[in-house]
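S.K.: What follows is a protein structure lacking sequence information:
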């Protein structure tokens, strides 16, 4: 179990040179409150930054440094795992990344990327995606489990069920299979070489038995024939090499077009994001006649002006997106041409390699024949000796065949193991075992939140949701408030399942503006009840601009307020 104890951040976002320090295990429940923009959610970004090197929200790394002081940005977190105490420090300007275990700095010889793997795979044993599913429920850039793609859902479940080891084993097995196949290939090459040697030896014996002079003449004819073939091969290699150069000249703009395609995809994503935002804003003004915040009526003329402006902006952005998309399609077609050229180049290079291999073989063969000619001319051959050589070569070939057979048997075993280690194998079987528990827990928490549906998720991570009258729904068909209840139920299920498995179990749960978003009064009350009855064995942090939530009594309240340019912990009280 991961026990988080304390986090401290300095010159991080709106926090200044005086560090903000929050104890993470002192109280069962803590309310972090303050006005919008005063830094309530900074703890989320600080926590994910110090552990995973990136903010929880979509904030670029350089923007995490306080814009007033512009240096010495540092976040520290203290936690313990299995009785060992850890401290992680991560900073910007200067760059800092240090991991301490029981006060001793862990070896930093590895690259930063490998050092991060030590933290995620050996100490925390969870990654950013799983951490945000189990520890954090936020309203900013949080992607709920139900909105993750199938592979993203699988990654989270594998971490929580502690079965990611099978994925590692599968990768190791793939490497083993690849190495074994490579060994088999090289053995086959050796066997072919032995076959050539045996055939050559047979010919030598035959020549000795018939006529030494005839043998010499035959050898010379073979050399001449080989030399002719070698010359032909050289001419063909020269021709193919020129063709390769010719084809390569056609690829001079490949990198430029590839870069353009990447930028075009990025621009289209930005345009799509803007379009979604404009449509959302447009829908707001189309559906609302008064401001939901201040309840003032929206002037009709003002509303029409805004809608006209939004429609114009939407049309302009869609035009730009379509223009970029049309250009992108042309570039993709060009890249398809380049792909065909590359395939042709690869084919040409393969032909060249085959010709070069053939020349090497012929040259080696000529060398061997020259040796035999010399020996024949000296009349030093002995028929029994040559037969003994052939037997020796044959014995080596037989040994190679036996070795190849052993590797083939291993490959058969590896193939069976690969089937078991695939996503549809052992992991799916284990997941199936836990699915009833997962579904039961989700439905339990949905019922506690007064949301009476039957929720089921299958081994392919597809959901089926039925109402009381057995109508079938999907996650996307529910309102935002209902989706929030489903998200909360899944979050609480992960917590319970992690506790059962003792895999990614932790004392920390942070809910960012969950009570301020789409939950209705009943949902807030039900969630407060769940916090009281089922989350009393952990440290729960609720971030909200509200001063009280559904009558829930927090053990601790942290108020964050902007003083000048900086966010500070203005007051910490034991209770509201």
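M.R.: Here it is on my side, so go on. Values in this document were obtained by computation on a predicted structure and should not be read as measured data.
S.K.: Quick one: neighbours of the closest residue to residue 1 other than its chain neighbours, just the number.
M.R.: Nearest non-adjacent residue to residue 1, counting by Cβ to Cβ, 6 or more residues apart in numbering: residue 505, 4.5 Å away. (Glycine included, C-beta is placed from N, CA and C.) The number of residues packed near residue 505 is 19, by other Cβ atoms under 10 Å.
S.K.: next one: residue 490
M.R.: 24.
S.K.: what's the answer for residue 175, then?
M.R.: 10.
S.K.: same check, this time on residue 358
M.R.: Neighbours around residue 358, by other Cβ under 10 Å: 17.
S.K.: can you check residue 133 too?
M.R.: Other residues lying near residue 133 total 28 when counted by other Cβ under 10 Å.
S.K.: How much space separates the residue nearest to residue 1 from residue 148?
M.R.: Going from residue 505 to residue 148 by Cβ to Cβ, to the nearest Å gives 21 Å.
S.K.: re earlier: any figure for the gap between the residue nearest to residue 1 and residue 335?
M.R.: Residue 505 sits at a distance of 48 Å from residue 335 (criterion: Cβ to Cβ).
S.K.: what's the domain layout of this structure?
M.R.: Taking automatic domain parsing as the reference, the chain has its domains at 2-148+500-573, 174-235+365-420, 254-352.
S.K.: Low-confidence stretches in the stretch 51-200 of the chain?
M.R.: For the stretch 51-200 of the chain, the stretches with pLDDT under 70 are 110-112, 137-144, 159-166, 168.
S.K.: how about a cut-off of 50?
M.R.: Applying pLDDT under 50 to the stretch 51-200 of the chain flags residues 140-142.
S.K.: likewise the chain?
M.R.: 140-142, 575-576.
S.K.: Tell me if I am right that residue 460 is in a helix.
M.R.: No: assignment of residue 460 by DSSP: H, G, I helix; E, B strand; the rest coil gives coil, placing it outside any helix.
S.K.: from the chain's centre, how far out does the longest helix along the chain sit?
M.R.: For the chain, the helix that runs over the most residues, judged by DSSP state H, is helix 300-377. Between the centre of helix 300-377 and the centre of its chain there are 24 Å (Cα atoms, centre = their mean, to the nearest Å).
S.K.: Tell me which residues of the helix or strand following it come out buried.
M.R.: For helix 300-377, the following helix or strand on the C-terminal side (DSSP states H and E) is helix 383-421. Under the neighbour-count criterion of 16 or more other Cβ atoms under 10 Å, helix 383-421 has 386, 390, 393, 396-397, 400, 404, 407, 411, 414, 417-418, 421 buried.
S.K.: mind putting these in JSON lines, distance to residue 437 included?
M.R.: Shown next, in JSON lines, are the buried residues of helix 383-421 (distance: Cβ to Cβ, whole Å):
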{"residue": "386", "distance to residue 437": "75"}
{"residue": "390", "distance to residue 437": "69"}
{"residue": "393", "distance to residue 437": "64"}
{"residue": "396", "distance to residue 437": "59"}
{"residue": "397", "distance to residue 437": "58"}
{"residue": "400", "distance to residue 437": "54"}
{"residue": "404", "distance to residue 437": "48"}
{"residue": "407", "distance to residue 437": "43"}
{"residue": "411", "distance to residue 437": "38"}
{"residue": "414", "distance to residue 437": "33"}
{"residue": "417", "distance to residue 437": "28"}
{"residue": "418", "distance to residue 437": "29"}
{"residue": "421", "distance to residue 437": "24"}
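S.K.: with the residues you listed in mind, which one is nearest to residue 60?
M.R.: residue 421 (38.4 Å; Cβ to Cβ).
S.K.: ok, residue 561 - how many residues close by?
M.R.: 15.
S.K.: Tell me the spacing between it and residue 35.
M.R.: For residue 561, the distance to residue 35 - Cβ to Cβ - is 8 Å.
S.K.: now residue 280
M.R.: For residue 280 relative to residue 35 (Cβ to Cβ), the value is 24 Å.
S.K.: What of residue 25?
M.R.: 27 Å.
S.K.: Among those two, which residue is more densely surrounded?
M.R.: Set residue 25 next to residue 35 and count neighbours by other Cβ under 10 Å: residue 25 wins out with 16 against 12.
S.K.: Return the distance of that one relative to residue 153.
M.R.: 30 Å.
S.K.: Please name the bridge partners of the residue lying closest to residue 50 once chain neighbours are set aside.
M.R.: Leaving aside its chain neighbours, residue 50 sits nearest to residue 75 (4.1 Å; criterion: Cβ to Cβ, 6+ apart). Taking DSSP bridges as the rule, residue 75 bridges to residue 9, residue 90.
S.K.: how far does the helix or strand encompassing residue 115 sit from the chain's center?
M.R.: Assessed by DSSP H and E, residue 115 sits inside helix 112-117. Relative to its parent chain, helix 112-117 has a centroid offset of 15 Å by Cα atoms, centre = their mean.
S.K.: Check which helices and strands the following helix or strand past that helix sits against.
M.R.: Next in sequence after helix 112-117, counting helices and strands by DSSP H and E, comes helix 128-134. Contact here means 3 or more Cβ pairs under 8 Å, 6 or more residues apart in numbering; DSSP states H and E; on that basis helix 128-134 packs against helix 42-52, helix 150-160, helix 480-501.
S.K.: ok, 6 Å please
M.R.: On a contact count with 3 or more Cβ pairs under 6 Å, 6 or more residues apart in numbering; DSSP states H and E, helix 128-134 meets helix 150-160, helix 480-501.
S.K.: so what does the last one touch, helix or strand wise?
M.R.: Identification of packing neighbours for helix 480-501 by 3+ Cβ pairs under 6 Å, 6+ apart yields helix 128-134, helix 150-160, helix 426-448.
S.K.: Indicate which one of those helices is closest to residue 285.
M.R.: Taking these one by one with Cβ to Cβ, helix 128-134 is closest: 32.7 Å.
S.K.: tell me which residues in the closest one are buried?
M.R.: 129, 130, 131, 132, 133, 134.
S.K.: Looking at those, which is nearest residue 346?
M.R.: Looking across the buried residues of helix 128-134 and measuring by Cβ to Cβ, the closest to residue 346 is residue 129, at 36.9 Å.
S.K.: which one is residue 48 nearest to, not counting chain neighbours?
M.R.: Counting by Cβ to Cβ, 6+ apart, residue 56 is the residue found nearest to residue 48 once chain neighbours are left out, at 4.4 Å.
S.K.: So what's the residue count around the one you found?
M.R.: Residues near residue 56, counting by other Cβ under 10 Å, number 25.
S.K.: Secondary structure of it: a strand, I assume?
M.R.: No: per three-state DSSP, residue 56 lies outside any strand segment and is coil.
S.K.: Ramachandran angles for it?
M.R.: phi -70, psi -40 (degrees, to the nearest 10).
S.K.: Was I right to think it contacts residue 44?
M.R.: Yes: under the criterion of Cβ atoms under 6 Å, residue 56 makes contact with residue 44 at 4.1 Å.
S.K.: ok, back up a step: so the residue nearest to residue 50 touches residue 48, yeah?
M.R.: No: contact criterion Cβ under 6 Å: residue 75 and residue 48 do not qualify, at 9.8 Å.
S.K.: The two: which is more packed in?
M.R.: residue 75 (27 against 20).
S.K.: what sits against that one?
M.R.: 9, 12, 46, 49, 50, 90 (Cβ atoms under 6 Å, 6 or more residues apart in numbering).
S.K.: if we go to 10 Å?
M.R.: 7-12, 15, 19, 42, 45-51, 64, 88-92, 96 (Cβ atoms under 10 Å, 6 or more residues apart in numbering).
S.K.: Which of the buried residues of helix 383-421 sits closest to residue 210?
M.R.: residue 386 (13.3 Å).
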